[in-house]
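Sequence first, then the predicted structure, then my questions.
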Amino acid sequence: MKNSMFEAASLLLEKLLLLASLRLYSVGPGAGTEEEEEKQPSYYDTTYFKRGDLLEVPRTLFVHFGIYLGDNRVAHLMPDILPAFTDDQQQIQQVVTNKRLILGVVARTARIRVDTVEDFAYGGSILVNHMDRAFKSQALCGEEVARRAEKLVGATAYSLLWNNCEHFVTYCRYGSAVSFQTDKFCETVKMIIRDQRSVLAAAFLGIASIICLGLAPSTTLPTIIIPFFLWMAG
């Protein structure tokens, strides 16, 4: 029953993406085509990594984080819908596809999983302990960092703002769960809200929707309510 529900959700997402003519690019381990998998390097020199190191891989839109556990293993938090539909660990441990990841974000479900360095990096360059300079507090010892990560392995709730991969690694390494990416995003949203031009833009789009779609509650109410709240918030 669970598997059939997952397949239905995956099929629905696939059809929506097809109708929108969208092409999803790589956003995490296992998120790509077979052709892309052939292009990614199959080896990273792990002799430079120490147990408890904080690894980060810059992506197009964000940075993905993980904790190195030793023996070519990395613990990292990934949005994943599959654990909500099956208990088959062999199936869950397969690399996370785009559909699994996006559905996991929507359903707010995730898993702290252990993958190889290659699967974690997915062909990207790896920075080691690059975040240390951003924290005033000193990092915990490597063994304590790794133990914290290992204890948290398993299913967890996901929140883009409050519980993402960056919150996970900062808690493990510094004892405080924070996300600089989230903070930057929130500041950007605040700037947009404070800019009174956003009110005019929202009102213009609302009026355009009324002209195109006709006068109805579904078009009129957002035209009034959204600019009003933007005005009050600004």
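Yep, it's here. Remember, it's a predicted structure, so these values are computed and weren't measured experimentally.

switch to C-alpha atoms for all contacts and neighbour counts from now on
Will do.

need the next SSE after the helix or strand of the chain with the lowest mean pLDDT, C-terminal direction.
Sorting the helices and strands of the chain by mean pLDDT, DSSP states H and E puts helix 34-39 at the bottom, at a mean of 38. Once the chain leaves helix 34-39, the next helix or strand it forms, by DSSP states H and E, is strand 54-58.

Mind listing the strands that next one pairs with, and their directions?
strand 63-70 (antiparallel), strand 127-128 (antiparallel) (DSSP bridges).

domain parsing for this structure?
Following automatic domain parsing, the chain resolves into domains at 2-179, 195-233.

Comparing those by mean pLDDT, which bottoms out?
Between those, the one with the least mean pLDDT is domain 195-233; it has a mean of 66.

Look up how far residue 187 lies from residue 121.
28 Å (Cα to Cα, to the nearest Å).

Who has more neighbours out of those two?
residue 121 (26 against 12; other Cα atoms under 10 Å).

so what's the more buried one closest to, chain neighbours aside?
Distances taken as Cα to Cα, 6 or more residues apart in numbering put residue 57 closest to residue 121, at 6.1 Å, once the chain neighbours are dropped.

Surely the one you found and residue 124 touch.
Yes: here residue 57 lies in contact with residue 124, judged by Cα atoms under 8 Å, at a distance of 6.0 Å.

So if I had to pick from those two, which one is more boxed in?
A side-by-side neighbour count of residue 57 and residue 124, using other Cα under 10 Å, places residue 57 first with 19 against 16.

Let me see the contact set for the residue nearest to residue 121.
63, 64, 65, 121, 124, 125, 126, 127 (Cα atoms under 8 Å, 6 or more residues apart in numbering).

Make a PyMOL selection of the buried ones in the residues you listed.
This is how PyMOL selects the buried members of those, with burial counted by 16 or more other Cα atoms under 10 Å:
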select buried, resi 64+65+121+124+126
